[in-house]
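Asks: Here is the input, now give the coordinates:
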Amino acid sequence: MSMLGTVAKQLKNHPALIPLFIFIGGGTTMSILYLGRLALRNPDVCWDRTNNPEPWNKMEANQQYKLFTINTDYSKLKKDRPDF
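Replies: The predicted structure follows:
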């Protein structure tokens with residue numbers, strides 16, 4: 001009997017475990033998606049050091065890269081660092 005068949009048999013005998021599997025699966029999915037977003041969208045991560053060695057220096061002052069911010073309007077921020 002396969003592992004999936006064993007789990008299905010247990011869920012038929014104990015239906016109270018179904019929400020546990022749903023929440024664990026949902027949490028795992030959300031954490032994998034967030035880690036993927038961090039790896040692909042975060043300016044601190046650089047996958048190609050030869051063509052783009054310091055991508056964080058190319059960000060404008062009004063660019064938002066956080067997932068969410070509270071009481072911050074990025075369109076009104078001024079650039080506080082010199083141009084490169």
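Asks: for the record, mean pLDDT for the longest helix anywhere in the chain?
Replies: The helix that spans the most residues within the chain, counting by DSSP state H, is helix 18-41. Over the span of helix 18-41, the pLDDT mean works out to 94.
Asks: Quick one: list the elements packing against it.
Replies: Here helix 18-41 touches no other helix or strand, going by 3 or more Cβ pairs under 8 Å, 6 or more residues apart in numbering; DSSP states H and E. To be clear about C-beta, it is placed using only N, CA and C from the backbone, and glycine gets the same treatment.
Asks: Just the C-alphas of it, formatted as PDB.
Replies: Extracted as PDB, the C-alpha positions of helix 18-41 are listed here (Å, rounded to 0.1, in the frame of the first residue of the first chain):
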ATOM      1  CA  ILE A  18      -8.900  17.000   7.300                       C
ATOM      2  CA  PRO A  19      -8.700  20.700   8.500                       C
ATOM      3  CA  LEU A  20      -5.200  20.000   9.900                       C
ATOM      4  CA  PHE A  21      -4.000  18.800   6.400                       C
ATOM      5  CA  ILE A  22      -5.700  21.900   4.800                       C
ATOM      6  CA  PHE A  23      -4.100  24.400   7.100                       C
ATOM      7  CA  ILE A  24      -0.600  22.800   7.000                       C
ATOM      8  CA  GLY A  25      -0.800  22.600   3.200                       C
ATOM      9  CA  GLY A  26      -2.000  26.200   2.900                       C
ATOM     10  CA  GLY A  27       0.800  27.400   5.300                       C
ATOM     11  CA  THR A  28       3.400  25.500   3.300                       C
ATOM     12  CA  THR A  29       2.200  26.900   0.000                       C
ATOM     13  CA  MET A  30       2.200  30.500   1.300                       C
ATOM     14  CA  SER A  31       5.600  30.200   2.800                       C
ATOM     15  CA  ILE A  32       7.000  28.800  -0.500                       C
ATOM     16  CA  LEU A  33       5.400  31.600  -2.500                       C
ATOM     17  CA  TYR A  34       6.800  34.200  -0.200                       C
ATOM     18  CA  LEU A  35      10.300  32.800  -0.300                       C
ATOM     19  CA  GLY A  36      10.000  32.700  -4.100                       C
ATOM     20  CA  ARG A  37       9.000  36.300  -4.100                       C
ATOM     21  CA  LEU A  38      11.900  37.200  -1.900                       C
ATOM     22  CA  ALA A  39      14.300  35.400  -4.200                       C
ATOM     23  CA  LEU A  40      13.000  37.000  -7.400                       C
ATOM     24  CA  ARG A  41      11.800  40.500  -6.400                       C
END
